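# Got a sequence here, can you build the structure:
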Amino acid sequence: MKLCVVGLDGATWDLLDPWLDDLPTIRRIAGTFRSRLDSCTPPISVPAWKVYTTGMDPGALGVFTFVEPDFEDRRLRTVSSETFTHREIWDYLGDEGHRSTVVNVPSTAPPRDIDGWLVSGPFSDVDDYARPRSFQRELDAAGYTILPDYYLSRDPDDVPTGVESVRGKFDAALRHADEADFVHVTVYLTDTVQHTEWDSPVSRTFWRAVDRELGRFLDRLGDGWNVVLMSDHGFGATEGIFYLNTWLEEHGYMHLDRSGVDLGDLAGWLGLDYLRAKRLLTRLHLLEPLKAALPSETLLRLARQLPGNRKLEGIQDKLDWDSDAIALAPLIYTKTPAVAEEIREELLALRDRNGDPIVERVYDGAELYPDCEVRAPDLVIDHTRYVISDVVNPGQRMSYDRDEWAETKIAHHRHDGILAAAGPDVRPDVVGVRNGHRPALVDLAPTVLDAFGVTVPETMSGRSLGLLGGPGHRGPVRDRRDAERVVVHDAGVEQKLKDLGYL
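Numbering: from 1, shown residues only. Here you go, the predicted model:
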């Protein structure tokens, strides 16, 4: 058995189907088997990628987004690979003598030793991103890049740097593929492009390039390999933005200390928000000179402090941690169950300008994650056609005008990802699908283990799809690493997340 899984972050058939004539590699693989793939709740890259690699749902993992609130120390802690203590696909395969090459899976930084070769994901430290160390020296010599310029700039002119980065990820996966039985490589930039470009010509051109690089990679990988394409979640066009934190503050659930003064406060007093400032600089022909004079990281840090674009930058220190509710959209932590129920009812009653619900489902965290070993969010808002934003935008709870926000985000996450497969061992008439089971992200780890005839831990939340064999044996296999759960305040990772717009 030789199996290669290619993760295309945020890929959805809704976007790709109309373009398949331009995507011959994806079309060929999907011609053997294809399906929608249900993500986790919430459908966010972290925890979704770990749901795939562990076969556990977010409640079992105890991770729901990129950071988690520490109510005792009154700050937000950064999630990393050390926060996850469950064993992953390559750990189980290694027990049975199968070596793996793993490249660019989010939440694998800092990297750890596996039976094979591992390159950690998008938020890695440039001085420590691969195992074994000799592998990093190989990649450094080859000019491997973790984050291309486009990750930060979101400038269409920088898309070629993203294509080069995609090629670099595939090249890294090829370096020891002939010594491995299992290969996984994630293309993370597809998510970034879709957020800002969605179905634009820029996005279509980028997907053509991804398909071309994928075809080149598979040709070099060679015959005899089974190939699975998957995504951690789907995507869909944005119809508007609901500013959850603004709504919580206006309704008295969340409180911010307005006594201090920072750049964001000064801008607000001057009537400048992010979009007005950008338009003013453009009109005065100052935007391009600023881009040339200042590093993109500096410009983004300034931009993240302006009203209308403000998330954690400057807000964490203003937050009253004794508030009745604190949100890390789409998650809400509340002081009491009564407050949670009150907020839930009010959110479900919200209507847009057409009289339609803004929020269609609000899950009870305890019901959604019954086996969670850490504090779970009390409420989880399901992703809808509206962005549930954690930007604090005083005075504005909703944004509908496409001209106001299309420059920054025109699409956001949905549940429906993709699953496709081709190869000598692929069974198109999948047992799991034939019996009416809709494939889910949590099913992929047991599916991979079944492909290799490796016992599936009976504690895994998912079930094998039988796509590559099985369903096989489930048994009392050890599913935890010998490691303690660690969540720390990592200023470097936090800044990367802020620069990328996640915080």
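
# Check the gap between G462 and I26 for me.
24 Å (CB to CB, to the nearest Å). In short, each C-beta sits where N, CA and C put it, glycine included.

# How about L15?
11 Å.

# ditto for V477
34 Å.

# Equivalent analysis for T41, please.
Using CB to CB, we find T41 at a distance of 27 Å from I26.

# Contact partners for Y333?
69, 71, 325-327, 375, 377-378 (CB atoms under 8 Å, 6 or more residues apart in numbering).

# From these, keep the buried residues only.
Neighbour counting with 16 or more other CB atoms under 10 Å marks 69, 325-327, 377-378 as buried within the contacts of Y333.

# Okay, and which of these map to strands?
69, 325-327 (DSSP state E).

# nearest to L3, of the residues you listed?
P69 (38.3 Å; CB to CB).

# Read off the pLDDT value for Y400.
At Y400, the pLDDT value in this model is 75.

# my guess is it meets T238, correct?
No: if you go by CB atoms under 8 Å, Y400 and T238 don't touch, sitting 10.4 Å apart.

# who's more crowded, those two?
Legend: neighbour count by other CB atoms under 10 Å for Y400 and T238, higher for T238 (19 against 13).

# isn't that one right up against Y386?
Yes: at 7.3 Å, T238 counts as touching Y386 under the criterion of CB under 8 Å.

# Which residue ranges make up each domain of the protein?
3-235+413-499, 239-256+319-408, 261-310 (automatic domain parsing).

# winner for burial among those?
With neighbours defined as mean count of other CB atoms under 10 Å, the domains of the chain peak in mean count at domain 3-235+413-499, which reaches a mean of 20.

# where are the low-confidence patches of the stretch 401-503 of the chain?
Residues of the stretch 401-503 of the chain that meet the criterion pLDDT under 70 lie in 401-409, 431-436, 487-503.

# one step back: show me which pair in the ones in strands among the buried ones among the contacts of Y333 is furthest apart.
P69 and A325 (11.4 Å).

# Quick check: P439 touching F33?
No: P439 is not in contact with F33 according to CB under 8 Å; the separation is 10.2 Å.

# Find the residues that touch each one of the two.
With CB under 8 Å, 6+ apart as the test, P439 and F33 both reach 419, 430.

# Please name the residues that touch V456.
Per CB under 8 Å, 6+ apart, neighbours of V456: 55, 446, 449-450, 464, 472-475, 477.

# ok, now with 10 Å
Counting by CB atoms under 10 Å, 6 or more residues apart in numbering, V456 makes contact with 55, 92, 445-450, 462-464, 470-475, 477, 479.

# Can you give me the distance of it to T447?
Distance from V456 to T447, by CB to CB: 9 Å.

# Identify the contacts common to the two.
What both V456 and T447 touch, as defined by CB under 10 Å, 6+ apart, is the set 55, 462-464, 470-471.

# Leaving out sequence neighbours, find the closest residue to D443.
With sequence-adjacent residues excluded and distances taken as CB to CB, 6 or more residues apart in numbering, D443 is closest to G462, at 4.0 Å.
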